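J.: Predicted structure and sequence below. I'll ask about it afterward.
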Amino acid sequence: MKIGLEGGFIFDVTYLAGAGKIEEHQLESCRDLFLKAEEKMTMIRKEGVYEGHFSKDGTPEPVLFPGLLQPNPEKMARLKEITEEAKRQYDTVISFGIGGSYLGNKMLFDLFCGPYWNQMSKEERGGCPKLYFNGDNLDPEHTSGLIEQIKREAGSGKSHGKNYRLLLIVISKSGGTVDTMATFFVMKEALEAEGIMLDVWVITDPAEGDKATTLGRIAAQEGWIRFEIPEGIGGRFSVLSESGLVTAALTGVDVDQLLAGAAMMDRACGSANWRENPALLNGALKWLGAEKYGKWIEVFMPYGPDLKSLSEWYVQLMAESLGKKKDLAGNEVDYGRTPVVAVGTTDMHAQTQAHQEGRRDKIVQFVSVKKWRQDLKIPNLYRDYKTFASWNGVTLGEALEGARKSNEEALASDGRWSANLVLAELNEYHVGSLLYFLMLSVVYEGILANIDPFDQPGVEAYKKILGPMLEEIRESKT
Ligand code: PA5
C-alpha cells in the first residue's frame, strides 16, 4: 500500500502493512483511537493546546509549531531584508547552537549547500557567505581548529581582518546552554584578540524584562540584531522558525518554498482516516509495530550521504518526543522507540548485516529521492570484464535506487519490515513537506501512546549534575 500526495511525495508501506505484517483489521480496530488522536491534533492546530503538556516549571505550556506555517508577514520581510543585505556583507558565518538549535540548520545546509560549499568562491556560492557550525560540542580541539581556520581565512599579520567580515549567530532558546555559550565566548574572545572584525546576531526566546533569557539580555545590552524562537516551539520543532530559517536564507535556501511544502503536508494530514492521512498512518504503524510486535528500533536510512544529517535531525525529533517514562496519567510506561542513524549505500556495508539477520526488533525507514539534481552515467572503461559491462550506461542515481530496492526486497524476503518515503526531488518544497510529515508522525505516535511528545524532562537529570560539577571544577582551580 502507498499514499501519494500532490507534488509526488509517496509514503510506501508495502513492507510494513499487509498480510504477515500489521494488518488492515488491526488499523481498523483503532478507528476510535484515531478519531481521538485527530481531535487532539485539531486542538493543537486550532488552540495551541495539548492537554497534559507542562513546561519545565510545571505550568501549562502552549504547543504552537503549526503556527509556523503562517509566519507573520512583517517578521518574514524583516528576515529576508536583513539576510539579503548580510549575504553581500559577510565572508563567513559561524552558527552556534546544539540540539534543536543546530540539527535542523545543519540538515538544511547539507541538503542544499552540499559538502564543498566552503571551498567554493563567493560567486560560485551565488554571493552567499561560507557557513560553519560550532557549539554542538564542548570538544576544545574542534573549536581550536575552527579558530585557526577563521584566522587563515582572515589573513595573517597586521592586515588581519581588515577586509574580512565575520558574523557569529548564537542560537539558544533558553539562552544559557553551556555548549553553545561557552564555545561562543571562547571564539569571540579569541577572534577579537586577533583583530578580526565580527558582528553578532542572536536567536533566542523573545521574552523581555524579568523573563528575558541571559542571551537576550546580553543582546539588548550590546545592541545585537535579534531573531526569535517563539513561545510554544520546542527546539526539535523549530527548524521552520527563525531558528532554522535565518542561516538557511543566508545560504540561499528558498524559505518560502520550505514553508509551502510543509503547509501542503499539513493540509494532507488532517483526517482521522488512516488511508487518507499519511502522518497518522506512519505514527500508527510505528506505534503498533512497537507495542504489538516488539519493533522498538527505527533505523532511519535515507539514500545519499548529504541526507545523513536528516537522520540526525530525525533522531532528536523522535528520541526527545517519544522517549518518556510516564504516560499522561502518570503511570510508568517507559515508552520510546530507539532511533538509529543510517545512510545508504554506506551503511549497507556496515549495518545491514544486523538489519538482515539480527534481532527482529527493527523497522528500517528508507528515504529515497526520485530525481536527483545531477546524475552521472557509469562508463564502461574496461570492456573485457563482464561484471562492469553489465553496469554500462546505468546512472549513479539509478544504481542508488537499485541498491535501496535490493535492500528492501532482501529484508522482506526474510519477513523483515521496512517503509519508504519518496521525495520527487531534493528541493525546498519537498524537503519542507518531509520535515513536517515527520513532525506530525511523531506527534500522532505520542498521542496514540498517551504520552507528552512536547516535553523532555529526561534531559534535565544530567543538567542538574553538570551545573554544580562545573562550579566544583572552577573552585578546585582557585
Ligand atoms: O529539543 C530541545 O529542546 C533541546 O534539544 C534543545 O534544542 C537543546 O538543548 C538546545 O537548547 P537551547 O536552544 O535552549 O540552547
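T.: That came through, no problem. Residues are numbered from 1 along each chain as shown.

J.: State the distance from the residue positioned nearest the centre of the chain to residue 11.
T.: Centroid-nearest residue in the chain: residue 313, 2.9 Å away (criterion: C-alpha atoms, centre = their mean). Distance, residue 313 to residue 11, by C-beta to C-beta, to the nearest Å: 18 Å. C-betas here are computed from N, CA, C, even on glycine.

J.: Look up phi and psi at residue 323.
T.: Backbone geometry at residue 323, expressed as degrees, to the nearest 10, gives phi -80, psi 90.

J.: got a pLDDT number for it?
T.: With respect to pLDDT, residue 323 has a value of 97.

J.: Please determine how far it is located from the ligand.
T.: Remark: distance between residue 323 and the ligand (C-beta to the nearest ligand atom, to the nearest Å) = 12 Å.

J.: Report how many residues lie close to residue 305.
T.: 14 (other C-beta atoms under 10 Å).

J.: Not counting sequence-adjacent ones, nearest residue to it?
T.: residue 343 (6.0 Å; C-beta to C-beta, 6 or more residues apart in numbering).

J.: quick one, phi/psi of the one you found?
T.: With angles defined as degrees, to the nearest 10, residue 343 sits at phi -150, psi 130.

J.: Quick check: the residue nearest to the centre of the chain vs the ligand, distance?
T.: The separation that residue 313 has from the ligand, given C-beta to the nearest ligand atom, amounts to 11 Å.

J.: On the pLDDT front, check the residue nearest to residue 305 for me.
T.: Looking at residue 343, its pLDDT is 98.

J.: do residue 458 as well
T.: 83.

J.: Look up the closest residue to it, ignoring the ones flanking it.
T.: Residue 458 sits nearest to residue 323 (C-beta to C-beta, 6+ apart), 6.4 Å away.

J.: need the contact list for the one you found.
T.: 335, 336, 458 (C-beta atoms under 8 Å, 6 or more residues apart in numbering).

J.: Just the closest of these to residue 218, please.
T.: Of all the contacts of residue 323, residue 218 sits closest to residue 458, with 28.8 Å by C-beta to C-beta.

J.: can you count the residues close to the residue of the stretch 201-350 of the chain found nearest the ligand?
T.: Closest to the ligand within the stretch 201-350 of the chain is residue 235: 2.3 Å, counting by C-beta to the nearest ligand atom. Around residue 235 there are 26 other residues, counting by other C-beta under 10 Å.

J.: hang on, isn't it packed against residue 65?
T.: No. Between residue 235 and residue 65 there is no contact under C-beta atoms under 8 Å: 10.8 Å.

J.: where's residue 191 relative to residue 295, distance?
T.: 48 Å.

J.: cool, residue 35 as well?
T.: Counting by C-beta to C-beta, the gap between residue 35 and residue 295 amounts to 25 Å.

J.: who has more neighbours, the two?
T.: Legend: neighbour count by other C-beta under 10 Å for residue 35 and residue 295, higher for residue 295 (22 against 12).

J.: what are the ranges of the helices in the stretch 201-350 of the chain?
T.: Along the stretch 201-350 of the chain, counting by DSSP state H, counting those that start in this stretch, helices occupy 214-222, 242-250, 255-268, 278-293, 308-322.

J.: Tell me which other helices or strands the last one touches.
T.: Helices and strands in packing contact with helix 308-322 are listed as helix 103-113, strand 297-302, strand 338-341, helix 428-448; criterion 3 or more C-beta pairs under 8 Å, 6 or more residues apart in numbering; DSSP states H and E.

J.: Would you tell me which of the ones you listed gets closest to the ligand?
T.: So among these, helix 103-113 is nearest, using C-beta to the nearest ligand atom, at 8.1 Å.

J.: Beyond that closest one, next helix or strand please.
T.: Past helix 103-113, further along toward the C-terminus, the next helix or strand under DSSP states H and E is strand 130-134.

J.: which other residues reach that next one?
T.: The contact list for strand 130-134 (C-beta under 8 Å, 6+ apart) reads 91-97, 102, 105-106, 109, 113, 117-118, 142-143, 146, 149-150, 153, 183-184, 187, 247, 250-251.

J.: Equivalent analysis for stretch 104-119, please.
T.: Under the criterion C-beta under 8 Å, 6+ apart, residues 95, 97, 125, 130-133, 136, 171, 238-239, 243-244, 247-248, 251-253, 258, 305-310, 312-313, 426, 428, 431, 435 lie in contact with stretch 104-119.

J.: close to the ligand, is it?
T.: No. Using C-beta under 6 Å from any ligand atom, stretch 104-119 stays clear of the ligand, coming no nearer than 9.5 Å.

J.: quick thing: my sequence starts at 17, can you match it?
T.: Got it, first residue is 17 now, which makes that one stretch 120-135.

J.: pLDDT averaged over that stretch, what's the number?
T.: On average, stretch 120-135 scores 98.

J.: what comes up buried for it?
T.: 120, 121, 122, 123, 124, 125, 126, 127, 128, 129, 133 (16 or more other C-beta atoms under 10 Å).

J.: Return the residues in contact with residue 445.
T.: 23, 273, 274, 276, 277, 280.

J.: what sits against the last one?
T.: Just to be clear, that refers to residue 280. By C-beta under 8 Å, 6+ apart, the neighbours of residue 280 are 21, 22, 23, 445, 449.

J.: Now the two most distant members of the residues you listed.
T.: 21 and 445 (11.5 Å).

J.: distance of the nearest residue to residue 472 once chain neighbours are set aside from residue 119?
T.: Setting aside the residues directly before and after it, residue 472 is nearest to residue 336 in space (C-beta to C-beta, 6+ apart), at 4.6 Å. Residue 336 sits 11 Å away from residue 119, going by C-beta to C-beta.

J.: Who has more neighbours out of those two?
T.: Each of residue 336 and residue 119 has its neighbours counted (other C-beta under 10 Å); residue 119 has more, 26 against 23.

J.: Looks like the more buried one contacts residue 334 (just checking).
T.: No. At 11.9 Å, residue 119 and residue 334 do not qualify as touching, with contact defined as C-beta under 8 Å.

J.: In terms of helices and strands, where is the nearest residue to residue 398 once chain neighbours are set aside?
T.: Excluding the flanking residues, the one nearest residue 398 by C-beta to C-beta, 6+ apart is residue 404, at 5.8 Å. If you go by DSSP H and E, residue 404 is part of helix 402-405.

J.: Give the next helix or strand downstream of that helix.
T.: Following helix 402-405 in sequence, per DSSP H and E, is helix 412-429.

J.: Could you check the angle whichever helix or strand comes after that following helix makes with strand 313-318?
T.: Counting by DSSP H and E, the next helix or strand C-terminal to helix 412-429 is strand 433-441. Comparing the axes of strand 433-441 and strand 313-318 via axes from the mean of the first three to the mean of the last three C-alpha atoms, to 10 degrees yields an angle of 30 degrees.

J.: what lines up beside strand 433-441 in the sheet?
T.: Here strand 433-441 has these sheet partners by DSSP bridges: strand 26-28 (antiparallel), strand 378-387 (parallel).
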